[in-house]
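Visitor: Coordinates only, no sequence provided:
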């Protein structure tokens with residue numbers, strides 16, 4: 001098996017009707033353009049036929065194509081005709097749709113003729129001619145005389161009223177025959193898009209298939225993570241936690257929780273969508289309860305991501321804070337705003353702390369917490385990092401900006417990352433670290449580590465890495481420095497500068513959170529702000545997961561914009577037919 005392939009387990013009850021193996025494994029091959037990192041992350045794929053819904057068959061045709069390609073080499077032969085396969089498997093397909101011949105007013109012989117015609121994609125004239133030239137087939141059906149075109153038309157019309165699932169039965173039969181090495185007529189292959197894929201090329205997915213994969217992803221993720229969003233003691237007898245998540249995703253999509261029911265009424269029942277009611281539910285919680293809810297949600301999503309191999313290596317971590325402007329004039333619930341005129345138009349704002357993976361693609365974050373006092377942000381980070389570790393994530397290097405240039409940050413970093421941390425030095429400050437860096441006389445791009453530099457009266461003195469910025473850098477300073485416990489025996493000093501530069505990914509997360517993922521609200525109540533920002537973080541992480549791991553059902557490695565994720569969450573929750581609304 002190459003780097004661009006995975007194994008799929010198949011269990012096919014239809015195979016017994018044709019003497020094939022009921023259980024086997026096949027190798028699913030991907031285009032070289034598929035990201036190998038994303039391909040390596042994901043659950044083991046397995047398919048059990050019959051599928052629960054025949055509507056899903058079109059979504060796994062790319063896997064069926066490769067089943068045929070693989071199985072033809074070992075145990076398929078051409079001794080079974082398409083007609084025989086359809087008739088032999090008919091009872092299984094009907095059972096899958098909960099249809100019994102005993103419940104039908106139509107004769108079994110008539111049913112077989114109609115199904116055979118539809119499966120072959122024949123015209124009325126074509127099926128009459130085909131039956132006339134095939135006495136073995138008519139004998140198998142049990143008819144003595146080939147019916148006329150008008151007779152078969154009447155049978156078809158009668159069946160349409162008595163058997164609404166007939167098209168699903170036929171779809172199951174066509175796919176099962178093809179999957180088990182029986183070649184359908186060319187018109188059937190074209191109608192059902194069979195035999196078109198040598199490798200999986202995500203760039204060529206249809207919109208319908210992409211949306212199916214997205215909604216299946218969201219079904220699985222929401223099932224694993226959303227249960228804690230119940231509002232506990234708050235009165236909430238009308239809405240399930242998934243409905244609150246789905247309505248909030250719709251609110252984020254249209255930037256208004258209040259307008260969500262109205263906007264959604266063209267597709268959904270507006271009574272199912274939470275609007276202003278969600279504000280009332282949130283305000284019955286206190287800040288501690290909201291934090292506790294999302295602490296559990298974040299743990300669940302990190303744990304799920306671990307299960308699908310998302311954190312299969314140690315991770316570089318960045319920590320930072322962001323500001324949300326507060327422009328209300330009423331009480332701000334406990335005076336949790338912080339005076340920060342440079343960052344906020346009103347001079348006051350809420351400060352939120354977050355930690356995240358430092359990766360240009362996998363900008364996964366481990367939660368966001370409100371900080372009512374800037375002196376407490378290190379304690380918030382310590383708690384977040386501890387939870388992240390408990391959920392199964394191993395820290396490689398921890399990175400912090402100049403804002404956290406303190407002895408407390410070093411103590412926290414040592415407790416969670418050992419000696420592998422980098423805290424940017426404030427070069428405009430007085431003291432030994434800035435003096436050491438300025439005295440290094442480095443060439444452009446050169447770095448050096450000096451050990452045991454006095455800082456913040458720490459008993460165990462940190463090391464200082466000085467870096468002269470490369471000439472082609474876009475940095476606005478010539479020198480950068482980092483507090484660390486790493487030595488030149490541990491790493492090349494320049495590696496600190498290059499991993500630290502990936503800290504911008506957490507800034508990208510903050511930007512996306514405030515400009516698209518979180519439902520927009522004008523309320524000054526920090527409980528609502530905290531709830532929606534936390535929920536926006538969940539949406540962000542779902543986006544990162546889906547774009548950086550194989551889908552759990554179809555094996556696609558998708559690359560979709562955030563608004564498509566929000567839409568998929570909405571449709572996952574409210575269960576609308578994809579064919580009619582997402583094309």
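Guide: That came through, no problem. What you are looking at is a predicted structure, and each value in this text was computed from that prediction instead of being measured.

Visitor: Tell me the pLDDT of the residue nearest to residue 493 when sequence neighbours are not counted.
Guide: Nearest residue to residue 493 in three dimensions, chain neighbours excluded: residue 447, at 3.6 Å (CB to CB, 6 or more residues apart in numbering). For glycine as for every other residue, the C-beta is placed from the backbone atoms N, C-alpha and C. At residue 447, the model reports a pLDDT of 96.

Visitor: I figured residue 447 hits residue 498, correct?
Guide: No - assessed by CB atoms under 8 Å, residue 447 is found out of contact with residue 498, at 9.6 Å.

Visitor: between these two, who's got more neighbours?
Guide: Shown here are residue 447 and residue 498; by other CB atoms under 10 Å, residue 447 has more neighbours (21 against 12).

Visitor: shaky segments in the stretch 101-250 of the chain?
Guide: 101, 103-106, 161-164, 232-239 (pLDDT under 70).

Visitor: can you pull out the helices in it?
Guide: In the stretch 101-250 of the chain, the segments counted as helices under DSSP state H, counting those that start in this stretch are 108-120, 124-132, 135-141, 149-162, 166-179, 186-191, 207-225, 241-254.

Visitor: looking at those helices, which is closest to residue 422?
Guide: Among those, the nearest to residue 422 by CB to CB is helix 207-225 (31.4 Å).

Visitor: who does the closest one touch, helix- and strand-wise?
Guide: Secondary-structure packing of helix 207-225 (3 or more CB pairs under 8 Å, 6 or more residues apart in numbering; DSSP states H and E): helix 287-307, helix 526-547, helix 562-574, helix 578-581.

Visitor: Run through who's touching that helix.
Guide: Defining contact as CB atoms under 8 Å, 6 or more residues apart in numbering, one finds that helix 207-225 is touched by 56, 58-59, 205, 242, 245, 297, 300-301, 304, 538, 542, 545-546, 551-554, 556, 558, 560, 564-565, 568-569, 571-573, 578-579, 582-583.

Visitor: give me every residue that touches residue 242.
Guide: Residue 242 neighbours (CB under 8 Å, 6+ apart): 222, 226, 573.

Visitor: typo on my end, it should be residue 19
Guide: Counting by CB under 8 Å, 6+ apart, residue 19 touches no other residue.

Visitor: Residue 179 now?
Guide: Contact analysis of residue 179 by CB under 8 Å, 6+ apart lists 12, 14, 49, 64, 67, 68.

Visitor: can you tell me how far it sits from residue 66?
Guide: Distance, residue 179 to residue 66, by CB to CB, to the nearest Å: 10 Å.

Visitor: got it, and residue 145?
Guide: Where residue 66 is concerned, residue 145 sits at a distance of 43 Å (CB to CB).

Visitor: Between these two, which is the more surrounded one?
Guide: Just comparing residue 145 and residue 66: by other CB under 10 Å the higher neighbour count belongs to residue 66, 19 against 8.

Visitor: Test my guess that residue 69 contacts residue 199.
Guide: No - look at residue 69 against residue 199 with CB under 8 Å: they stay out of range, at 10.0 Å.

Visitor: shaky segments in this protein?
Guide: Segments of the chain classed as low confidence (criterion: pLDDT under 70) are 1-3, 72-78, 101, 103-106, 161-164, 232-239, 255-276, 326-348, 374, 575-583.

Visitor: hang on, residue 359 in a helix?
Guide: No - using DSSP: H, G, I helix; E, B strand; the rest coil, the secondary structure at residue 359 is coil, not a helix.

Visitor: Which residue, other than its chain neighbours, is closest to it?
Guide: Leaving out its chain neighbours, the residue that sits closest to residue 359 by CB to CB, 6+ apart is residue 505, at 5.9 Å.

Visitor: Mind checking what secondary structure the one you found has?
Guide: Recorded secondary structure, residue 505: helix (three-state DSSP).

Visitor: re earlier: just send the contacts of residue 242 back as CSV, with neighbour count too.
Guide: Shown next, in CSV, are the contacts of residue 242 (neighbours: other CB atoms under 10 Å):
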residue, neighbour count
222, 20
226, 23
573, 27
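
Visitor: okay, the residues you listed in CSV with distance to residue 473 next?
Guide: Below are those laid out as CSV (distance: CB to CB, whole Å):
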residue, distance to residue 473
222, 43
226, 43
573, 46
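
Visitor: ok, the nearest residue to residue 54 once chain neighbours are set aside - contacts?
Guide: Nearest non-adjacent residue to residue 54, counting by CB to CB, 6+ apart: residue 168, 3.7 Å away. By CB under 8 Å, 6+ apart, the residues touching residue 168 are 54, 55, 97.

Visitor: From residue 209, how far off is residue 168?
Guide: For residue 168, the distance to residue 209 equals 18 Å [CB to CB].

Visitor: Let me know whether my guess that residue 353 is in a strand holds.
Guide: Yes - counting by three-state DSSP, residue 353 is found in a strand.

Visitor: Would you agree it is in contact with residue 319?
Guide: Yes - when contacts are counted by CB under 8 Å, residue 353 is listed as touching residue 319 (7.3 Å).

Visitor: Return the closest of the contacts of residue 242 with respect to residue 410.
Guide: Closest approach to residue 410 among those (CB to CB): residue 226, at 37.6 Å.

Visitor: you'd agree the closest one is up against residue 297?
Guide: Yes - counting by CB under 8 Å, residue 297 is a contact partner of residue 226 at 7.2 Å.

Visitor: what does stretch 62-72 rub up against?
Guide: Contacts with stretch 62-72, where a contact means CB under 8 Å, 6+ apart, come from 8, 10, 20, 24, 26-29, 45, 47, 76, 175, 178-181, 194-198, 200, 554-555.

Visitor: Quick one: buried ones out of these?
Guide: By neighbour count, with 16 or more other CB atoms under 10 Å, the contacts of stretch 62-72 hold 8, 10, 20, 24, 26, 28-29, 45, 47, 76, 175, 178-181, 194-195, 197, 200, 554-555 as buried.

Visitor: In terms of helices and strands, where is residue 387?
Guide: Element membership of residue 387, judged by DSSP states H and E, is helix 377-390.

Visitor: List the buried residues in that helix.
Guide: Residues of helix 377-390 classed as buried: 377, 378, 380, 381, 382, 384, 385, 387, 388 (neighbour count, 16+ other CB under 10 Å).

Visitor: Residues contacting that helix, please?
Guide: Applying CB under 8 Å, 6+ apart, the contact partners of helix 377-390 are 295, 298-299, 302, 317, 319, 321, 351, 353-355, 366-367, 369, 371, 395, 398, 404, 406, 408-409, 412, 415-416.

Visitor: next structured bit after it?
Guide: Sequence order places strand 395-400 as the next helix or strand after helix 377-390, per DSSP H and E.

Visitor: other SSEs contacting that next one?
Guide: Applying 3+ CB pairs under 8 Å, 6+ apart, one finds that strand 395-400 makes contact with strand 315-325, helix 377-390, helix 407-417, strand 421-424, helix 494-500.

Visitor: which outside residues touch the last one?
Guide: Taking contacts as CB under 8 Å, 6+ apart, the residues outside helix 494-500 that touch it are 316, 358, 397, 399, 422, 424, 445-447, 465, 467, 469, 480, 482, 484, 486.

Visitor: Please pick the buried ones from the residues you listed.
Guide: Looks like the contacts of helix 494-500 have 316, 358, 397, 399, 422, 424, 447, 465, 467, 469, 480, 482, 484, 486 buried, using 16+ other CB under 10 Å.

Visitor: ok, for the first one, nearest residue in space, not its chain neighbours?
Guide: I take that to be residue 316. Counting by CB to CB, 6+ apart, residue 316 lies nearest to residue 358, which is 4.3 Å off, once chain neighbours are set aside.
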